[in-house]
Structure formats: structure tokens, C-alpha cells
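Participant: A structural model of the following input is requested.
(2 chains)
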Amino acid sequence: AQKITQTQPGMFVQEKEAVTLDCTYDTSDPSYGLFWYKQPSSGEMIFLIYQGSYDQQNATEGRYSLNFQKARKSANLVISASQLGDSAMYFCAMGRYSTLTFGKGTMLLVSP
Amino acid sequence: EAGVVQSPRYKIIEKKQPVAFWCNPISGHNTLYWYRQNLGQGPELLIRYENEEAVDDSQLPKDRFSAERLKGVDSTLKIQPAELGDSAVYLCASTADPRYGYTFGSGTRLTVV
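Facilitator: Numbering: from 1, shown residues only, chains lettered A, B, ... in the order given. This next block holds a predicted model:
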């Protein structure tokens, strides 16, 4: 079975600062993918970034990067230069290229 | 390119009544998912389709929930009869390659009273 743990119910950050959202996972599969999604108050789930378990380099997408530490089974999301529009729920998810299992999410609030 | 389209956006029904949700995935996306998201939680899979075949419905409460994806395009999720605990957001998603993430619809917020 796969399990995703997000231990931070909420995080606060000031605009323009960097923030790290934690995610740990557990799986017995040797091959898997790790994902982060953003869910604004409007409700839609927005795909942010993907990391494959065999990828040697950490994934980056603009201001988003995924700090992948395979031995620790962690896949933290780093948002650089936070913007007010980054305020949302953030979900970590993992899957073996088929069905995703999601964590409970972290609410990020960005203040001016 | 149109995204994943879901309707209705909101639905309020009395318990024991039936309800249906509709999803039209992105054209060319063979894989379609229905997820349920309870308040304050992450989405949980209900069913996954590969074209018209339901390949993972292990989490679907089959006594009251049913789904279909005729012709491998749009899909309908039905609840009959609805219970108070079914109040949640029902999300549809589709993908051509799961490695690059899913595209989710805006969801249907169901309230059972």
C-alpha cells in the first residue's frame, strides 16, 4: 500500500520569501512518481510538478522545485519568491503511473 | 484546448434521493478518474477507466455508487440513494500519460440534507 504524509496543516510566509512544504511517503514499489498539486479556494486541482523515482536530478518548474531525498522517502516542495497568488492548499501525491494517492494537504498563506 | 468539463457545479439533494454527475475529459485522454474529496482531506480514488473499461473500482461503494464511460469518452457517476455522508466534492480527472499529471475538472460540490 502507498501512504503520503503531510505533517504541516498550515504554513505562513511573507511575500517574496521561499517556503518549503513537507511530504514523506511510504511504498514498496521500486518505481513510482511523486506529484504536487495546488488547490486554490475555487476548488480546481492544478498540477505543479512531477518527480520520477529514478530521476537523478530534482525536478524544477519555474518557481517550484521538488527536493527529492529517496533514502529518506521525502519529496518536499520548495516555492521560491512567494506571491500572494500562491495562497492555496497544496497536496503531495504519489503513484505508479496509474492511480495517485494524495496526502491531506498543507494550507499555505502568503502575506504582503 | 478545452479542459475537463464537469457538471453540475453544485448540487443539493435530500437524503435517499438519486444524483448523477457528468464528466467530459480532454479529447484524446484515454484514462479517466473519479475522485471524492471530503472537507479538509485530499482526494480519494473512486474509480479509474482506461478507455471504456473500469480497471480500478476497488474503492467504489458498489451498493449505492455506479459509474459508466460509454464509448470511452465522457463518463457519468451516480449515487442512489444518497446518504448524508456522501456530501463532498466529486472530482473528475483525465490524462494521456499519468507521468505528467492529471488534469482535473472544477468538481461537483454535493450537499446531502
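Participant: residues near the nearest residue to residue A:88 once chain neighbours are set aside, how many?
Facilitator: Using CB to CB, 6 or more residues apart in numbering or on different chains and skipping residues adjacent in sequence, the residue nearest residue A:88 is residue A:40, 4.5 Å away. For the C-beta atoms, the positions are set from N, CA and C on the backbone; glycine is no exception. Number of residues near residue A:40 (other CB atoms under 10 Å in any protein chain shown) recorded here: 13.
Participant: residues contacting residue A:40?
Facilitator: Contacts for residue A:40 (CB atoms under 8 Å, 6 or more residues apart in numbering or on different chains) come out as A:46, A:87-89.
Participant: please redo it, this time with the cut-off set to 10 Å
Facilitator: Residues touching residue A:40, when contacts are defined by CB atoms under 10 Å, 6 or more residues apart in numbering or on different chains, comprise A:46, A:85-89.
Participant: Any regions of chain A where pLDDT drops low?
Facilitator: Scanning chain A for pLDDT under 70 picks out the ranges A:97.
Participant: Contact residues of it facing chain B?
Facilitator: Counting by CB under 10 Å from any CB of the partner chain, the residues of chain A close to chain B are A:4, A:6, A:9, A:33, A:35-37, A:39, A:42-50, A:52, A:89, A:91-93, A:95-105, A:107.
Participant: from those residues, which ones fall inside helices?
Facilitator: Among these, the subset assigned to helices under DSSP state H is empty.
Participant: Which ones among those residues map onto strands?
Facilitator: Counting by DSSP state E, the part of the residues of chain A next to chain B found in strands is A:4, A:33, A:35-37, A:39, A:46-50, A:52, A:89, A:91-93, A:95, A:100-102, A:107.
Participant: in chain B, which residue is closest to the centre?
Facilitator: residue B:34 (3.2 Å; CA atoms, centre = their mean).
Participant: Can you tell me the SS state at the nearest residue to it once chain neighbours are set aside?
Facilitator: Setting aside the residues directly before and after it, residue B:34 is nearest to residue B:46 in space (CB to CB, 6+ apart), at 4.4 Å. In the three-state summary, residue B:46 is assigned as strand, counting by DSSP: H, G, I helix; E, B strand; the rest coil.
Participant: I figured residue B:46 hits residue B:90, correct?
Facilitator: Yes. Here residue B:46 lies in contact with residue B:90, judged by CB atoms under 10 Å, at a distance of 7.9 Å.
Participant: which neighbours do the two share?
Facilitator: Taking CB under 10 Å, 6+ apart as the contact rule, the neighbours common to residue B:46 and residue B:90 are B:34-36, B:77.
Participant: Perfect, that will be all.
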